[in-house]
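Asker: Would you be able to build a 3D model of this:
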Amino acid sequence: MGLILLLMFGPALLFLVLGIVIHRNDNKKTAKIFFILAGVYLLISLGTCGYLLATFSLH
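Answerer: Below is the predicted model of the structure:
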């Protein structure tokens, strides 16, 4: 379960942190790309992994 949550939120948080660090170094265009990547990854991972977690059962 922890591995799935790491796959869901790990890369998005990494992209977000990278975007914040790059934004502070006055490279706004690259930071904006990382923010968009973080949002897209989070949206796709929550959709895909969220669906798999919602339908998972041990019958």
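
Asker: hmm, who's touching stretch 14-32?
Answerer: With contacts defined as C-beta atoms under 8 Å, 6 or more residues apart in numbering, stretch 14-32 is touched by 33-35, 37-38, 41. C-beta: built from backbone N, CA, C; applies to glycine.

Asker: how about these in JSON lines, adding neighbour count and distance to Val17?
Answerer: Putting the contacts of stretch 14-32 into JSON lines (neighbours: other C-beta atoms under 10 Å; distance: C-beta to C-beta, whole Å) gives the following:
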{"residue": "Ile33", "neighbour count": "15", "distance to Val17": "14"}
{"residue": "Phe34", "neighbour count": "20", "distance to Val17": "9"}
{"residue": "Phe35", "neighbour count": "17", "distance to Val17": "11"}
{"residue": "Leu37", "neighbour count": "17", "distance to Val17": "12"}
{"residue": "Ala38", "neighbour count": "20", "distance to Val17": "9"}
{"residue": "Tyr41", "neighbour count": "19", "distance to Val17": "13"}
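
Asker: Those residues in helices, which ones?
Answerer: Mapping these onto helices (DSSP state H) picks out 33-35, 37-38, 41.

Asker: just curious, which of those residues is nearest to Pro11?
Answerer: Using C-beta to C-beta, Tyr41 comes nearest to Pro11 of the ones in helices among the contacts of stretch 14-32, at 5.4 Å.

Asker: Please tell me I have it right and that closest one contacts Ala12.
Answerer: Yes - Tyr41 lies in contact with Ala12 (C-beta atoms under 8 Å); the separation is 4.7 Å.

Asker: Flag whichever of the contacts of stretch 14-32 scores worst on pLDDT.
Answerer: Minimum pLDDT for the contacts of stretch 14-32 is recorded at Tyr41 (92).

Asker: Kindly present the contacts of stretch 14-32 as JSON lines, with separate columns for distance to Gly47.
Answerer: Listed next are the contacts of stretch 14-32 as JSON lines, based on distance: C-beta to C-beta, whole Å:
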{"residue": "Ile33", "distance to Gly47": "21"}
{"residue": "Phe34", "distance to Gly47": "20"}
{"residue": "Phe35", "distance to Gly47": "19"}
{"residue": "Leu37", "distance to Gly47": "16"}
{"residue": "Ala38", "distance to Gly47": "15"}
{"residue": "Tyr41", "distance to Gly47": "11"}
